[in-house]
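Enquirer: all I have is the shape, not the residue letters:
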């Protein structure tokens, strides 16, 4: 069985090879698919990562959430954990952990029913197994907030065959995965 590290390296290499134009086009399609999800439409609070490198671009998703008068929260790494803080404008994100844009720790997130976490990852399979970046930040966060709704956004090229991702007891899977081609609902989530 391949290790998560090997799969991560392989998928990141493919994802990094996408041109900026391809990433933007695919990210725009993902945003449209995401905007139609009931979980997104109904959420008053959106917890979303600030895209970095070749990840699905999230700035347009955050702008859409602002226009729809949703409260937007972005993660900030604090030690071994990740905490979410509100932003009201993209300019409030500054370079932080590993150069990733983070909010200032000023307006902490307070959980409400119906909140939605939009999460990244490097690889997924169609049953929701996920390989992140190796820090376990989302797994720990979701472990301590089990009632929160989750959606992962990824390019179709980040999907791997079922059974290829080795799982661990601490892994937390998204309820669905949105790509530029489809929305994959995950059962038992």
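Expert: Looks like it came in fine. If you're wondering where the values come from, they're calculated on a predicted model, not measured in any experiment.

Enquirer: what about the strands in the protein?
Expert: Counting by DSSP state E, the chain has strands at residues 45-48, 71-78, 81-87, 94-95, 101-102, 116-119, 123-124, 130-131, 149-153, 176-178, 183-185.

Enquirer: what residues sit buried inside stretch 165-180?
Expert: Across stretch 165-180, burial judged by 16 or more other CB atoms under 10 Å covers 165, 171-180. Any C-beta I mention is one placed from the backbone N, CA and C, and that applies to glycine too.

Enquirer: what number of residues lie near the residue nearest to residue 59 when sequence neighbours are not counted?
Expert: In this structure, residue 59 finds its nearest non-sequential neighbour in residue 90, 5.8 Å apart by CB to CB, 6 or more residues apart in numbering. By the criterion of other CB atoms under 10 Å, residue 90 has 15 neighbours.

Enquirer: surely residue 90 and residue 65 touch.
Expert: No. Residue 90 is beyond contact range of residue 65, at 11.1 Å (criterion: CB atoms under 8 Å).

Enquirer: could you dump the strands of the chain into a markdown table and include mean pLDDT?
Expert: Compiled in a markdown table, these are given as follows (pLDDT from 0 to 100):
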| stretch | mean pLDDT |
| --- | --- |
| strand 45-48 | 98 |
| strand 71-78 | 97 |
| strand 81-87 | 97 |
| strand 94-95 | 96 |
| strand 101-102 | 98 |
| strand 116-119 | 98 |
| strand 123-124 | 96 |
| strand 130-131 | 94 |
| strand 149-153 | 97 |
| strand 176-178 | 97 |
| strand 183-185 | 95 |
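
Enquirer: among those strands, which is nearest residue 15?
Expert: Evaluated over these, closeness to residue 15 peaks at strand 123-124, with 9.3 Å, by CB to CB.

Enquirer: what helices and strands are in contact with that closest one?
Expert: Packing partners of strand 123-124 (3 or more CB pairs under 8 Å, 6 or more residues apart in numbering; DSSP states H and E): helix 4-16, strand 130-131.

Enquirer: if you set the cut-off to 6 Å instead, what comes out?
Expert: Where contact means 3 or more CB pairs under 6 Å, 6 or more residues apart in numbering; DSSP states H and E, strand 123-124 is not packed against any helix or strand.

Enquirer: shouldn't residue 56 be in contact with residue 153?
Expert: Yes. At 4.4 Å, residue 56 and residue 153 qualify as touching, with contact defined as CB atoms under 6 Å.
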